[in-house]
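Trainee: Sequence first, predicted coordinates after that:
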Amino acid sequence: MATSLNKLGRKAQEKILAIPKRLEKVTEYVESKSTAKSFRFDVVFGRVLEMA
């Protein structure tokens, strides 16, 4: 992207253009944490426990 921005302007532009990628990473992280997980413990008579 050819522009006539100074060094500070280019850094600001890079940060702004990186926002969608960072938001995508945050979304993936939140979605991975929101899925229910199940665990099996023999000490609880083999019951499956789900954590939401």
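Mentor: Okay, I see it.

Trainee: shaky segments in the chain?
Mentor: Low-confidence segments of the chain, defined by pLDDT under 70: 1-3, 36-52.

Trainee: Helices along that one, start to end?
Mentor: Here the chain has its helices, by DSSP state H, at 7-34.

Trainee: quick one: Ser32 from Lys25, how far?
Mentor: Per CB to CB, to the nearest Å, Ser32 is found 11 Å from Lys25. (Each C-beta comes from the backbone N, C-alpha and C, glycine too.)

Trainee: give me the number of residues near Gln13?
Mentor: Neighbour count for Gln13, taken as other CB atoms under 10 Å: 13.

Trainee: Ok, the one 5 residues further on next?
Mentor: Using other CB under 10 Å, Ala18 has 10 other residues around it.

Trainee: For Leu23, see how far away Ser34 is.
Mentor: 16 Å.

Trainee: and what of Lys7?
Mentor: From Lys7 across to Leu23, the span is 26 Å (CB to CB).

Trainee: So those two - more neighbours on which side?
Mentor: Under the criterion of other CB under 10 Å, the comparison of Lys7 against Leu23 puts Leu23 first, with 10 against 7.

Trainee: tell me the contacts of that one?
Mentor: For Leu23, the contact set (CB atoms under 8 Å, 6 or more residues apart in numbering) is empty.
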